[in-house]
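Colleague: Next comes the sequence, and after it the predicted model I'd like to discuss.
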Number of protein chains: 2
Amino acid sequence: MISQSVENFLKHLYELQNGDKWVHTSDLARELKQKPASTTAMIKKLAAPELAFIEHIPYKGIRLLPNGEMIALEVVRHHRLIELYLSKALGVPWDQVHDEAEKLEHVISEDLEQRMADALGNPTIDPHGAPIPGPDLKILKLDSTPLSEIEAGTTVRVVEVYDHNAELLRYLGNIGLYPDAEFTVLEKEEFGNSLVIEINNATHNLGENAIPYVSVAEVKKPA
Amino acid sequence: MISQSVENFLKHLYELQNGDKWVHTSDLARELKQKPASTTAMIKKLAAPELAFIEHIPYKGIRLLPNGEMIALEVVRHHRLIELYLSKALGVPWDQVHDEAEKLEHVISEDLEQRMADALGNPTIDPHGAPIPGPDLKILKLDSTPLSEIEAGTTVRVVEVYDHNAELLRYLGNIGLYPDAEFTVLEKEEFGNSLVIEINNATHNLGENAIPYVSVAEVKKPA
DNA sequence: TACTAAATTTAGTCGTGTCTAATTTATTAA
DNA sequence: TTAATAAATTAGACACGACTAAATTTAGTA
């Protein structure tokens, strides 16, 4: 039986790894809200050849191995399905679904996973725009551009909002900025650390606390 | 923060206690699927005056104190709401809802509890016929009679099925014996350890593995 | 090239919850 | 009333997952 601690470790590692980047102990520790020494202890355990969940180069970093990635994807599937289910079926606001799913993801059965997926029509995107791994754990690769790279005058469609900070999500939700919504970048400041956007016929200023967490697809380029 | 182990201990104690009976260490240990020595360790912890969750008379037994009963009722509310939600909203069969709820009951937020209750119209009875404590933790006292006490010829309505054994529940469900269903006791054997009943125009034999776990209300007495 | 600062790991400790084995207490039958 | 038996508790160990403090390694700078 895989403990919740291990599931959580592998899930957060998966999310930080973002493909196959090497992940630093301290980054994962921050994500797991624990001291780096605790993370190292877990690393040693999960890198042992009997498990081979991760690969570890001491003082360099860690990376998922196939064994560990399967578990991580299973947990990510649970997490994102639950987020969508809570949002759609029970009306939980999108800034709250993450924390709730964080606890539920470790305790639902495969049968319940299946039932939620069926109830939602086997969805592939969660409330934040992130792809939901399928029952086969295959995951969709979304085509998107960081908002920071968009030129002034462009109209875009929101693809994904990465952060789980409730305050930010509440703000973005209030102005109508969530997956599939469209908006136009009116102005872009010199170093790109501030944008003026028009969304739902209102203009808003986005700063460094928001821009890095939004990815979009271009809908209409400037003339 | 109250751990899942403590929540579980208090919930199972509540269920064994059935009012205010004293509960034996070994009975609770069996329920918790652990060794009696482990149960004693937990008893000592929860009976300490700083917590005062339970009352303990060594070698006699234990009983909930108000502090512990509140927590137990909160967990029972979660458990029964979840059972009903899984059954109604996701079609989980009634022989599976218990095991699923056993894990979920410890991790849902008060907000989610509220949303499920609302979605179900603030129900007061779970899929097995057990009363669901309200948001104020008040609990309905059901008026019912053990099936074992019913005389031949009586027609009854099922009030509650106590056991969580999946095989038994599946069998009872298949013949149509679940809360609110009606049936007639056709014959009663000498020592009451076997009954012939008529339900949905079919007759079935109920034995000692089923009779003690069913409670009913009389609908029509024999002529 | 040597030194310093930051990141990482190691060593040792602790709390929680479980276990087995040994002991104590309560109950029942002689 | 006492002896046998069953139940409960105590004592001691262990796995897990966290922590702090100390030592080590790496990387960047003088």
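Modeller: Done, it's in.

Colleague: now the end-to-end length of stretch A:186-193.
Modeller: End-to-end distance of stretch A:186-193: 14 Å, with Cα to Cα, to the nearest Å as the criterion.

Colleague: Can you list the buried residues in it?
Modeller: The neighbour-count check on stretch A:186-193 (16 or more other Cβ atoms under 10 Å in any protein chain shown) flags A:K188 as buried. C-beta here means a position set from N, CA and C on the backbone, and glycine is covered the same way.

Colleague: now stretch A:200-215
Modeller: Those would be A:204, A:206, A:210-211, A:213-215, for stretch A:200-215 by 16+ other Cβ under 10 Å.

Colleague: got it, and stretch A:49-67?
Modeller: For stretch A:49-67, using 16+ other Cβ under 10 Å, the buried residues are A:53-54, A:56, A:61-65.

Colleague: so how far is stretch A:22-31 off the chain centroid?
Modeller: 16 Å (Cα atoms, centre = their mean, to the nearest Å).

Colleague: nope, stretch A:111-118 is what I meant
Modeller: 21 Å.

Colleague: Would you mind writing the CA trace of that stretch as CSV?
Modeller: Listed next in CSV are the C-alpha coordinates belonging to stretch A:111-118 (Å, rounded to 0.1, in the frame of the first residue of the first chain):
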residue,chain,number,x,y,z
ASP,A,111,-14.6,2.6,-8.9
LEU,A,112,-15.5,6.1,-7.6
GLU,A,113,-12.9,7.7,-10.0
GLN,A,114,-14.7,5.9,-12.8
ARG,A,115,-18.2,7.0,-11.7
MET,A,116,-17.1,10.6,-11.4
ALA,A,117,-15.5,10.5,-14.9
ASP,A,118,-18.7,9.0,-16.3
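
Colleague: still on that earlier bit, distance to DNA strand D, secondary structure and pLDDT added to the buried residues of stretch A:200-215, as JSON lines?
Modeller: Listed next are these as JSON lines, based on distance: Cβ to the nearest atom of the strand, whole Å; DSSP: H, G, I helix; E, B strand; the rest coil; pLDDT from 0 to 100:
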{"residue": "A:H204", "distance to DNA strand D": "38", "secondary structure": "strand", "pLDDT": "97"}
{"residue": "A:L206", "distance to DNA strand D": "32", "secondary structure": "strand", "pLDDT": "96"}
{"residue": "A:A210", "distance to DNA strand D": "29", "secondary structure": "coil", "pLDDT": "95"}
{"residue": "A:I211", "distance to DNA strand D": "26", "secondary structure": "helix", "pLDDT": "96"}
{"residue": "A:Y213", "distance to DNA strand D": "26", "secondary structure": "helix", "pLDDT": "96"}
{"residue": "A:V214", "distance to DNA strand D": "30", "secondary structure": "strand", "pLDDT": "97"}
{"residue": "A:S215", "distance to DNA strand D": "28", "secondary structure": "strand", "pLDDT": "97"}
